[in-house]
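Q: got a predicted model here, sequence first, then my questions.
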Amino acid sequence: MNIVENQKAYLPDFIRLNEEWIAHYFTLEDTDRALASGPEKTIEGGGYIFSMVSDECVLGVCALFKHGDGVFELARMAVSPLAQGNGLGRRLMQACLDKLHSIRAKRVYLVSNTCLRQPFVYMNHLDSKSLSKAVTLNMSVLI
């Protein structure tokens with residue numbers, strides 16, 4: 001199983017997994033449709049899209065949306081329902097954190113809804129070694 005970044009061939013899987021996840025918990029909104037119509041804009045804008053691939057099948061995805069100089073939003077993590085419960089989300093998060101460290105990001109934030117427990121579990125399990133001391137981590141909660 002490999003985690004690759006910014007592979008345009010896997011962008012349809014990024015959208016598919018995210019739309020499945022959103023539809024399961026919420027309803028698709030205009031921002032979701034805008035992302036679906038042009039996911040490559042995330043990459044072109046300096047962001048990153050990570051795909052976890054096994055035998056050419058994408059099992060999980062996550063993104064880092066760039067929001068300014070050294071500022072990123074950790075977003076759109078989704079793991080196929082068939083692959084959940086195997087630590088794939090944690091591996092995707094670690095890939096994002098490794099990237100943030102390698103590019104010397106200044107700040108990363110996560111926005112999530114209180115009905116979703118897993119993002120907070122992941123963030124609370126991060127140790128101080130996961131991010132460089134120069135990176136600020138913020139979590140925001142939507143109620």
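A: Happy to help now that I have it.
Q: give the buried residues for the helix or strand containing V108.
A: Assigned by DSSP states H and E, V108 falls within strand 107-113. Within strand 107-113, the residues that count as buried by 16 or more other Cβ atoms under 10 Å are R107, V108, Y109, L110, S112. The C-beta positions use only the backbone N, C-alpha and C, and glycine is treated the same way.
Q: quick one: whichever strand or helix holds T42 to chain centroid distance?
A: Per DSSP H and E: T42 is located in helix 40-44. Computed by Cα atoms, centre = their mean, to the nearest Å, the chain-centroid distance of helix 40-44 equals 14 Å.
Q: repeat that for stretch 90-106.
A: Distance, stretch centre to chain centre, for stretch 90-106: 10 Å (Cα atoms, centre = their mean).
Q: now the strands: where do they sit in the protein?
A: Counting by DSSP state E, one finds strands in the chain at the ranges 2-5, 48-54, 57-66, 71-79, 107-113, 136-142.
Q: out of those, which gets nearest to P39?
A: Minimum separation from P39 across those (Cβ to Cβ) falls at strand 48-54, 6.7 Å.
Q: average model confidence for that closest one?
A: Mean per-residue pLDDT for strand 48-54: 98.
Q: mind giving me the packing neighbours of that strand?
A: Packing partners of strand 48-54 (3 or more Cβ pairs under 8 Å, 6 or more residues apart in numbering; DSSP states H and E): strand 2-5, helix 11-25, helix 40-44, strand 57-66, helix 88-102.
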